[in-house]
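In: build me a structure from this.
(chains A, B, C and D)
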Protein chains: 2
Amino acid sequence: MKLKMNKGNIYKVQSLERALDILDCFNFQDREMRLTEVVQLTGLNKTTAKRLISNLTARGYLKQDPRSKRYQLGLRLFELGGIVFSSFSLRKAAAHRMNLLQRTTGATVLLGVMMEDQLVYVDKREGHGMIRISSDIGWRRALHYGMLGMVLMAYLTPEKVRDILKRYPLEAHTPYSITDKNAFSLRLEKIRKDGYLSERGEAVEGIIGIAAPIRDYSRQVVAALGVALPIPQLSEKEDVQRIVDIIKISADAVSSDLGYLKI
Amino acid sequence: MKLKMNKGNIYKVQSLERALDILDCFNFQDREMRLTEVVQLTGLNKTTAKRLISNLTARGYLKQDPRSKRYQLGLRLFELGGIVFSSFSLRKAAAHRMNLLQRTTGATVLLGVMMEDQLVYVDKREGHGMIRISSDIGWRRALHYGMLGMVLMAYLTPEKVRDILKRYPLEAHTPYSITDKNAFSLRLEKIRKDGYLSERGEAVEGIIGIAAPIRDYSRQVVAALGVALPIPQLSEKEDVQRIVDIIKISADAVSSDLGYLKI
DNA sequence: TGATTTAGTTTCACATTATGAAACGATCTT
DNA sequence: AAGATCGTTTCATAATGTGAAACTAAATCA
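Out: As a prediction, the model looks like this:
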């Protein structure tokens, strides 16, 4: 009879809209509401308000103090808010170290996380050199493609790694790329043993990549931090080792900021 | 025609329930969803899912990356979560004691509650002395995983414990983890008898956990307070007992602030 | 490059589902 | 104890949400 769609692609589901109107009643000033107050603020029918409130309460979006009968915003919102917040927190925790890394090494600095079995660049700092490493924030890649993805894969279960490699087969991007599954496994093992990855021209020719894992409170690897820089800039063995040390220290510092306790 | 009321005073508004089901698709691991994924996870009709998602997006509960078309939890949830966080009476009651604990023990201090049969971290103090919201607040875990969850489980009915263990089976996180149901029951009994839990490397290797329950005016256990610290820092028996005493006193103090009357 | 598959959007007829007036119960007030 | 206020439950009604189908856009393939 009536259309649910407004012009401008805005659908409205009345009962949902009303439920959200109820949540809107709560703010920093007014943290507690009784049913009648909600009714007054929203203009809803008492029964309707009660029904929606009960439903929201059952799902943890509101909670009721059984004594005063008053409602407050519930734990589920706290939890969901935490997820949103944590989307920023990694970047925030890493920001300072990334600036530092960029200044001290002059390299391109990259931060990435795993999302849906792929690598997503979360943040980056451009290097000084002429060679631009094309990786944009928010960009997705196959996990095994570059240094960050390989570091993240090193800490997955063997089953998960096998599953991912089946769906995203290894491919050669340069003559130095690893395309053999066994060689790849050994590489992952080495990453776990060393606590970092150092790679020379495997993802992009002429580019050295060095990366290390970032862990959070749960001790799980949640991100990878790495630098990419042109080989000519970094000929000496000692130079590589210097960068490796800096990366490991930086990644550890971010981990610690995320609540990781080093033993 | 049909009643909206289920037994047990639980009203269900279908479209609201479904909208909340959609929000449930998102968690710390899977922060991005495409429409099709939501459809698969919820079992909703594509049109219905789209309509609800559009509505949630219009209200800021979801946001869409216009390029990838993928959805994420929106800023409104962050905002509402912030209100909950700031008005958490438990958190407020515990804040002072947590600061004190962190200073006197130098350990990481954790506060957690039970939600939907899982543990949710509500607040924490870093071992280093910085007070900060880091990504792990709001994090969910299986109840039996760590010290806080075990303390909370100790005060549930045996039926509830059995039910939870059926849905979240015991698993070994370290060689010291309890994986036997009977041993686990005995452990819960010991917690009730002692009024605290002391655990050595069961959840995380090399970490000692000591935790105690917090009750409110209703005399029910509503939260758990605990510290985690490296075993090397705490070799002596007397040291452990010292911390145990401090934790029990702290948890009791918080309980008392929540209206719990001892006897 | 066009062909095929997959994902996202819009329409619209239909009946399931949300609605709210009214009556009832529970608390608080004096 | 009587009156007032707030919360809960019922149930008849139609307004509202629903989903199959058709459509368009965007990947993916060959």
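
In: next one: A:Lys166 from A:Tyr145, what distance?
Out: Between A:Lys166 and A:Tyr145 the computed distance is 16 Å (Cβ to Cβ, to the nearest Å). Heads up, the C-betas are built off the backbone N, CA and C, glycines and all.

In: show me which of the two is the more surrounded one.
Out: A:Tyr145 (21 against 8; other Cβ atoms under 10 Å in any protein chain shown).

In: hang on, the more buried one in a helix?
Out: No - with DSSP: H, G, I helix; E, B strand; the rest coil as the criterion, A:Tyr145 is assigned coil and is not in a helix.

In: these two touch, right, it and A:Ala203?
Out: Yes - A contact is recorded between A:Tyr145 and A:Ala203 when judged using Cβ atoms under 8 Å, the distance being 6.1 Å.

In: need the residues touching each of the two.
Out: Common neighbours of A:Tyr145 and A:Ala203 (criterion: Cβ atoms under 8 Å, 6 or more residues apart in numbering or on different chains): A:His173.

In: quickly find the element holding A:Glu171.
Out: In this assignment (DSSP states H and E), A:Glu171 forms part of neither any helix nor any strand.

In: for A:Leu20, same thing?
Out: Applying DSSP H and E, one finds A:Leu20 within helix A:14-24.

In: which strands or helices does the next helix or strand after that helix pack on?
Out: Using DSSP H and E, the next helix or strand after helix A:14-24 towards the C-terminus is helix A:35-42. Contact analysis of helix A:35-42 by 3 or more Cβ pairs under 8 Å, 6 or more residues apart in numbering or on different chains; DSSP states H and E lists helix A:14-24, helix A:46-58 as its packing neighbours.

In: mind listing what's buried in the helix or strand hosting A:Ala94?
Out: Element membership of A:Ala94 [criterion: DSSP H and E] is helix A:75-105. Within helix A:75-105, the residues scored as buried using 16 or more other Cβ atoms under 10 Å in any protein chain shown are A:75-87, A:89-90, A:93-94, A:97-98, A:101-102, A:105.

In: ok, which of those residues also contact chain B?
Out: With Cβ under 8 Å from any Cβ of the partner chain as the criterion, the buried residues of helix A:75-105 include A:75-87, A:89-90, A:93 near chain B.

In: from the residues you listed, which are also near DNA strand D?
Out: By Cβ under 7 Å from any atom of the strand, no member of these lies near DNA strand D.

In: what's the closest of the residues you listed to A:Cys25?
Out: Sorting those by how near they are to A:Cys25, with Cβ to Cβ, puts A:Leu77 at the top with 13.3 Å.

In: low pLDDT regions in chain A?
Out: Of all residues in chain A, those with pLDDT under 70 make up the ranges A:1-11, A:88, A:115-116, A:128-140, A:233-238, A:263.

In: what does it put close to DNA strand D?
Out: Contact residues (Cβ under 7 Å from any atom of the strand) of chain A with DNA strand D: A:1-2, A:4, A:12-17, A:34-36, A:46-47, A:50-51, A:69.

In: picking that back up, and the helices and strands packed on helix A:35-42 as CSV, adding distance to B:Ile22 and mean neighbour count?
Out: As requested, these are arranged in CSV below (distance: least, Cβ to Cβ, whole Å; neighbours: other Cβ atoms under 10 Å in any protein chain shown):
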stretch, distance to B:Ile22, mean neighbour count
helix A:14-24, 10, 20
helix A:46-58, 15, 19
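
In: related to what we said a few turns ago, and for the helix holding A:Leu20, what are the contacting residues?
Out: Residues lying outside helix A:14-24 but in contact with it, judged by Cβ under 8 Å, 6+ apart, are A:38, A:42, A:44, A:48-49, A:52-53, A:55-56, A:61-62, A:73, A:77, B:13, B:15-16, B:19, B:52, B:55-56, B:59, B:61, B:80.

In: ok, now how distant is the one residue in chain A that gets nearest to chain B from DNA strand C?
Out: Of chain A, the residue with the smallest distance to chain B, taken as Cβ to the nearest Cβ, is A:Gly81 at 1.5 Å. In this structure, A:Gly81 and DNA strand C are 25 Å apart, going by Cβ to the nearest atom of the strand, to the nearest Å.

In: and what of A:Lys69?
Out: 8 Å.

In: name the SS class of that residue, please.
Out: Secondary structure assignment for A:Lys69 (three-state DSSP): coil.

In: so it touches A:Met33, yeah?
Out: No - when contacts are counted by Cβ under 8 Å, A:Lys69 is not listed as touching A:Met33 (10.3 Å).

In: buried ones in stretch A:253-262?
Out: Counting neighbours by 16+ other Cβ under 10 Å, stretch A:253-262 gives A:Ala253, A:Val254, A:Ser255, A:Ser256, A:Asp257, A:Leu258, A:Gly259, A:Tyr260, A:Leu261 as buried.

In: could you verify my assumption that the first one touches A:Arg97?
Out: Yes - in terms of Cβ under 8 Å, A:Ala253 counts as a neighbour of A:Arg97; the distance is 5.6 Å.

In: which stretches of the stretch 101-250 of chain A form strands?
Out: Along the stretch 101-250 of chain A, counting by DSSP state E, counting those that start in this stretch, strands occupy A:108-115, A:118-125, A:140-142, A:197-200, A:207-215, A:221-230.

In: make JSON lines out of these and add mean neighbour count and distance to A:Gln29.
Out: Shown next, in JSON lines, are the strands of the stretch 101-250 of chain A (neighbours: other Cβ atoms under 10 Å in any protein chain shown; distance: least, Cβ to Cβ, whole Å):
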{"stretch": "strand A:108-115", "mean neighbour count": "24", "distance to A:Gln29": "36"}
{"stretch": "strand A:118-125", "mean neighbour count": "20", "distance to A:Gln29": "35"}
{"stretch": "strand A:140-142", "mean neighbour count": "16", "distance to A:Gln29": "42"}
{"stretch": "strand A:197-200", "mean neighbour count": "21", "distance to A:Gln29": "51"}
{"stretch": "strand A:207-215", "mean neighbour count": "26", "distance to A:Gln29": "38"}
{"stretch": "strand A:221-230", "mean neighbour count": "26", "distance to A:Gln29": "36"}
